[in-house]
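Undergrad: From the sequence below, what's the structure:
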Amino acid sequence: MKTATQNLEHDHVYILQLTEIMQAMVEKEVNNIAHFELVVNLIRRFADGIHHAKEEDLLFPKMGEKGFSPVQGPVAVMLSEHVQGRNYVQGMIDGIEMLRQDDSEGLEVIYDNMDGYAELLQNHIAKENGVLFRMADQVLSDDEQSSLLIQFDEVEAEATGEFSTASSIAKITELAALYL
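TA: Numbers count the residues shown, from 1 in each chain. Here you go, the predicted model:
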């Protein structure tokens, strides 16, 4: 049986690849507003909009029912890191706007925030895959895992069009072919 945590770990494969793309873009000193915007949209619509929605709206509350506090402990740390990630994304957006205004500092703002986001998410995913999801696997019954998986499918079904899960994975794969 595929579990809810396995579904999230599958997402992590592509989110990690996106962080590697971001690091490569910084290393190669890419200056491509369209690609920066695509990265931001992939984060906002796939990593945050779909993946983090599955965690924040479904898995973490279910873990809360099992005694995992959203204000202290591992779930609280993950929630805090999601907020940090959103702040890095806002920094990328600010840098893109600076570039549009012909402010050469914008590129450095983008690079700093891409690096920060990539490092944060790589460490964050290691904690989720290695610790938090293993805790979830221990406390959630097979029925609860199945129920979460059905709810995850509903979240993904609601995300249609240009940034559905399948479309997002395809876009990440295209960027990987360019930068990795």
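
Undergrad: quick one: low-confidence ranges for this protein?
TA: Judged against pLDDT under 70, the low-scoring parts of the chain cover residues 1.

Undergrad: Excluding chain neighbours, what is closest to the residue positioned nearest the centre of the chain?
TA: When C-alpha atoms, centre = their mean is applied to the chain, the residue found nearest the centroid is A47 (3.0 Å). Nearest non-adjacent residue to A47, counting by C-beta to C-beta, 6 or more residues apart in numbering: I15, 5.0 Å away. For the C-beta atoms, the positions are set from N, CA and C on the backbone; glycine is no exception.

Undergrad: Can you name the element that comes right after the helix or strand containing that neighbour?
TA: Secondary-structure assignment from DSSP states H and E places I15 in helix 4-27. Per DSSP H and E, helix 4-27 leads on to helix 33-42 as the next helix or strand towards the C-terminus.

Undergrad: Next one: the residue nearest to A47 from M98, what distance?
TA: Using C-beta to C-beta, to the nearest Å, we find I15 at a distance of 26 Å from M98.

Undergrad: More neighbours: the two, which one.
TA: More neighbours sit around I15 than around the other of I15 and M98, counting by other C-beta atoms under 10 Å; the figures are 22 against 17.

Undergrad: tell me the contacts of the more buried one?
TA: For I15, the set of contacting residues under the criterion of C-beta atoms under 8 Å, 6 or more residues apart in numbering consists of F46, A47, H51, L121, I125.

Undergrad: Check V75 too.
TA: F60, M63, G64, F68, S69, L132.

Undergrad: could you point out the longest helix in this protein?
TA: Among the elements of the chain assigned as helix by DSSP state H, the one spanning the most residues is helix 74-100.

Undergrad: List the buried residues in that helix.
TA: Using 16 or more other C-beta atoms under 10 Å as the test for burial, helix 74-100 gives 74-75, 78-79, 81-82, 85, 88-89, 91-93, 95-96, 98-99.
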